[in-house]
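>>> Build me a model:
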Amino acid sequence: MKRGRLRVLLGAAPGVGKTVTMLEEGQRLRDQGRDVVVAVVETHGRAMTAALADHLETVPRRIVEHRGVSLDDMDLDAVIARRPDVALVDELAHTNAPGSRHEKRWQDVEDLLVAGIDVVSTVNVQHMQSLGDVVRDITGTVQRETVPDAVVRGADQIEVVDLAPQALRDRLADGHVYPAARIDAALSNYFRLGNLTALRELALLWLADEVDDALKRYRSEHGIDHKWEARDRVVVALTGGPEGATLLRRGARIAARSAGGELAAVHVTTNDGLRERHPGALAAQRAQVEQLGGTYHQVVGDDVPTTLVRFARSINATQLVIGVSRRSRLAAALTGPGIGATVVRASGDIDVHIVTHDRAGGRFALPRLGGGLARGRIVAAFVLALVIGPLLTWALSFGDSQDAITVDVLSYQLLVLVVALVGGMWPAVFAAVLSGLSLDYFFVQPFHTITVQQPWHLAALVLYVLSAVLVSFVVDRSARRSRTARRAAAESALLSGIAGSVLRGDDALDALVDRTREAFGFDTVRVLVDGAEVAASTARADVPEPAPGLPSDASGAAAATGAAGTSHAADAVRTLPGGGVVEFVGGAPGPSERRLLAVVERQIDAALEHRALARTTVDVERIAAADRVRSALLAAVGHDVRRPMAAASAAIGGLRTSDVELSPDDRAVLLETADESLRSLATLLGDLLDVSRVQAGVLAVVARRIAIEDVVAPALDELELGPEDVDLDLPSDLPDIDADPVLLQRVVVNLLANAERFSPEGGRVRVAASTFGGSVELRITDHGPGIPPERRDDVFMPFQRLGDTDNETGLGLGLALAKGFTEGMGGTIEVDDTPGGGLTVVVALPASDRPEVTA
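Sure thing, here's the model as predicted:
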């Protein structure tokens, strides 16, 4: 019997429309003439879903009695007996009722497929078995019903039913997902905007990985080996050397530039394993790859470039990152092109990034003025004379004709000129003397003796030396000019980079100090102001091989810290015009460097001045902010404090007057007015003192383990709010929190008073608590006018009020105090819309891990 086909509709969360899509697909298939039945559908009380299901044939469910409870579930045998073309099976991860043929619904689906029935099913991404821990970390909820990934991956077709997170929250708020009683809790917990966004990303990435696997299978089956840029894949080649950390960071940045970019690191080892020189460093780099979200691979191959490119093509890589060779130029000249050049030639359509690093010897440095030719060229010229001279003598010895003496002389002359071009004067003189002696010993009679019988022999030797000196003089002069030009270009690049750093307005001091140390070759450069170090750069010492399990970044950072922390006496000290001091360790600047160094010092002085001005600007802004607060305070005091003072004074004055006979009721009214005004004044002054403590950062917090209900109850009593005013939802299994009970009570009182004040007539304030992650959240909800979105950033600022004030409203400090007290206790406070209108304030405080204190 032909096996049925499975189509899975994957969703990010409940309510995105999977079941509706499944039923609509069933109707479409039925209209095309196929036999479609509803094997099982979970409507969850949603009218739209039930209406769609009514238009399709439904196989009756079977009833199972379990511990006195009737449970209905899909009747697998009845569906197989009915033998439709297509069966619609909702909720693939569902656990069947006890006594069923299989424990899980996905096992029932397998039986339907074996029976030749096509199945359309639904599942949410949180039910994928491999994502259980990830979903728990995001939502704080453990999923007990899961389906193996292999079951979903084995489907013939997978489709994501997508809905924007905010659109899903709107559907939930409108009552299209859950009943009204569950809406507030759902919006504040599982259906947070951040949760839905993360779950949506999980669903899309899971499907993208599945599509990627399918693409790999297709390419393999059709023999396609050139890259298809469906997504960026960056391969970083690791050798186990200290540059690995730099290459990984660069590769991670490249991968992060494109949506869905992937990072893979590969190390090529030879068949005999002799290339494993740094196993500890490779282990640390492997850990770093995993921290960056990439994968680590180790492949075997004797031809490293070919193996590297072959691996990159095998995973359809788009970019390849390798390090600059650590070989010297002489080694490269003697042994030919390195791995990097070979990889570039063989990479084809794969982009290759060759990244410099500390060990490449390619850091920016000013060329040293001095001898025209580098020491390496001089040594190479001596070697050339010592190697080529004997070989030339051996080759010329095969010509036994006396007439060949002209060829011998010109050959040795050519050798002298070549050595002069390579190494300058002293190697050329050495080659000239060696050539003259060799010519006299082997090719001038009497042979095998060094004698000067004819004056022209001595003249020839002098001409050899003279020609060598003349050629080497030209070569040395050209080398000096070339080095001077390179130094001028390097100085221009240095000054351009320094000027650019300053003009960008960044804190360029650290960059200036680093560039100065590298350019002039100092070990350490320090900048001090008033004896305190404000910037320093130290040459990176050799970093020891990291221990297994320790990331190379950590060991490198530790080594750099140790190097920077070591105190060395300064070899040169320069005082800047602005009063700062620059110390140089590891050599004093020479005469040729002092001019350029003076320019750099002026730039450092400008950077110090820029930093000082930036600090001054911040201080001025703080003073201005404080002035604005004081101005608002004075305005509020002039308006809100004066009124209760005036009312109290008038009431007391009326009580003391003797001109008017007051009735007992009049006296009672005046006393109540005075009492109300003085209490309002005391509350205002207390709030002002609390705000000043919060802004001054001197809030005293005494946190201890408390239960949330021990704070809510006194707050309700203080405001004289009863069951007719407030709905309470405080679960009995709620964990304790770490908080200051006095401060937290003030927070709850302020929030409750604010909610009660703005609730409509007859409206009730809702107080609910729940856990989320490692926190306990207290939500205070009202159904008042709410807060416009454009004012949400202002509600936690002092002296902010909606509308005018009355004798009981105060200075607009309630939410400002609540925020300051909550953050002082290590918590957070946020505002959100209430479904149906109103404001919900969410206070999150850490769950307590302190031992419970018993009396």
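>>> Report the secondary structure state of the nearest residue to R764 once chain neighbours are set aside.
In space, and not counting its chain neighbours, R764 is closest to D727: 5.4 Å by Cβ to Cβ, 6 or more residues apart in numbering. Heads up, the C-betas are built off the backbone N, CA and C, glycines and all. With DSSP: H, G, I helix; E, B strand; the rest coil as the basis, the three-state label of D727 is strand.
>>> What residues does D727 make contact with?
Taking Cβ atoms under 8 Å, 6 or more residues apart in numbering, we find D727 in contact with 764-767.
>>> repeat for V469
Counting by Cβ under 8 Å, 6+ apart, V469 makes contact with 425, 428-429.
>>> which one of those sits closest to R153?
Using Cβ to Cβ, A428 is the member of the contacts of V469 that lies nearest R153, at 73.4 Å.
>>> What are the buried residues along the helix or strand harbouring that closest one?
Using DSSP states H and E, A428 maps to helix 425-443. By neighbour count on 16 or more other Cβ atoms under 10 Å, the buried set for helix 425-443 is 425-436, 438-440, 443.
>>> any idea how far that helix is from the chain center?
Relative to its chain's centre, helix 425-443 lies at 66 Å (Cα atoms, centre = their mean, to the nearest Å).
>>> likewise stretch 175-188?
Remark: stretch 175-188 is offset 34 Å from the chain centroid, using Cα atoms, centre = their mean.
>>> likewise stretch 712-721?
45 Å.
>>> Contacts made by it with the rest, please.
Residues outside stretch 712-721 that contact it (Cβ under 8 Å, 6+ apart): 722, 726, 728, 730, 745, 748-749, 752-753, 756, 765, 767, 778.
>>> any idea which helix or strand of the protein has the worst average confidence?
Within the chain, no helix or strand scores below helix 552-565, which has a mean of 38 by mean pLDDT, DSSP states H and E.
>>> next structured bit after that one?
strand 572-575.
>>> on that earlier part again, point out the least confident one among the contacts of V469.
pLDDT is lowest at M425 among the contacts of V469; the value there is 72.
>>> picking that back up, what's opposite the residue nearest to R764 in the beta bridge?
Beta bridges link D727 to R766, judged by DSSP bridges.
>>> what's the distance between the closest residue to V142 other than its chain neighbours and T146?
Nearest non-adjacent residue to V142, counting by Cβ to Cβ, 6+ apart: R136, 5.4 Å away. Noted for R136: a distance of 12 Å to T146, by Cβ to Cβ, to the nearest Å.
>>> Those two: who's more crowded?
T146 (19 against 14; other Cβ atoms under 10 Å).
>>> hmm, back to that, element containing the residue nearest to V142?
helix 132-139.
>>> Which residues does that helix contact?
By Cβ under 8 Å, 6+ apart, helix 132-139 touches 125-126, 141-143, 146, 189-190, 195, 198-199, 202.
>>> Buried residues, that helix. List them.
By 16+ other Cβ under 10 Å, the buried positions in helix 132-139 come out as 135, 138-139.
>>> Which elements pack onto the helix or strand hosting A818?
Assessed by DSSP H and E, A818 sits inside helix 814-824. Applying 3 or more Cβ pairs under 8 Å, 6 or more residues apart in numbering; DSSP states H and E, one finds that helix 814-824 contacts helix 664-696, helix 741-758, strand 828-833, strand 839-846.
>>> So what's the residue count around A682?
As a measure of burial, A682 has 11 neighbours, counting by other Cβ under 10 Å.
>>> residue ranges of the strands in the stretch 401-550 of the chain, please?
Using DSSP state E, counting those that start in this stretch, the strands assigned to the stretch 401-550 of the chain run over residues 524-529, 532-538.
>>> just the ones you listed: most buried one?
strand 524-529 (a mean of 21; mean count of other Cβ atoms under 10 Å).
>>> Strand partners (parallel or antiparallel) of it?
Counting by DSSP bridges, strand 524-529 is paired with strand 532-538 (antiparallel), strand 581-585 (antiparallel).
>>> Can I get the strands of the stretch 401-550 of the chain in TSV including distance to V86 and mean pLDDT?
Compiled in TSV, these are given as follows (distance: least, Cβ to Cβ, whole Å; pLDDT from 0 to 100):
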stretch	distance to V86	mean pLDDT
strand 524-529	75	86
strand 532-538	70	82
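>>> mind putting the ones you listed in CSV, distance to V660 included?
Conversion of these to CSV gives the following (distance: least, Cβ to Cβ, whole Å):
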stretch, distance to V660
strand 524-529, 74
strand 532-538, 73
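>>> Looking at those, spot the one closest to D72.
Among the strands of the stretch 401-550 of the chain, strand 532-538 comes nearest to D72, with 73.7 Å by Cβ to Cβ.
>>> Quick one: residues in contact with the closest one.
For strand 532-538, contacts defined as Cβ under 8 Å, 6+ apart pick out 509-510, 512-514, 516-517, 523-528, 560, 563-564, 566, 580, 608, 611.
>>> Buried subset of those, written for PyMOL?
Here is the PyMOL command that picks out the buried ones among those, judged by 16+ other Cβ under 10 Å:
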select buried, resi 509+510+512+513+514+516+517+523+524+525+526+527+528+563+580+608+611
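>>> Which residue is the nearest non-sequential neighbour of Y412?
Computed as Cβ to Cβ, 6+ apart, the closest residue to Y412 that is not its neighbour in sequence is S435, at 3.8 Å.
>>> didn't the one you found look like it was pressed against G389?
Yes. If you go by Cβ atoms under 8 Å, S435 and G389 touch, sitting 6.7 Å apart.
>>> Find the residues that touch each one of these two.
L415.
>>> Neighbours of S677, how many?
21.
>>> before we move on, back to that, please report how far the residue nearest to R764 lies from A150.
Applying Cβ to Cβ, the value for D727 to A150 is 47 Å.
>>> Let me see the residues that make contact with stretch 21-38.
7, 9, 41, 49, 52-53, 55-59, 79, 82, 84-88, 90, 120-122, 161.
>>> residues contacting G116?
With Cβ under 8 Å, 6+ apart, G116 has these contacts: 1-4, 83.
>>> and of the residues you listed, the nearest to T822?
Taking Cβ to Cβ as the measure, T822 lies nearest G4 of these, at 56.6 Å.
>>> Mind pulling the model confidence for the closest one?
pLDDT for G4: 92.
>>> pLDDT averaged over whichever strand or helix holds T197 - what is it?
If you go by DSSP H and E, T197 is part of helix 193-221. Across helix 193-221, the average pLDDT comes to 78.
>>> so where do the helices sit in the stretch 251-400 of the chain?
Applying DSSP state H, counting those that start in this stretch to the stretch 251-400 of the chain gives helices spanning 279-291, 304-314, 329-335, 339-346, 375-396.
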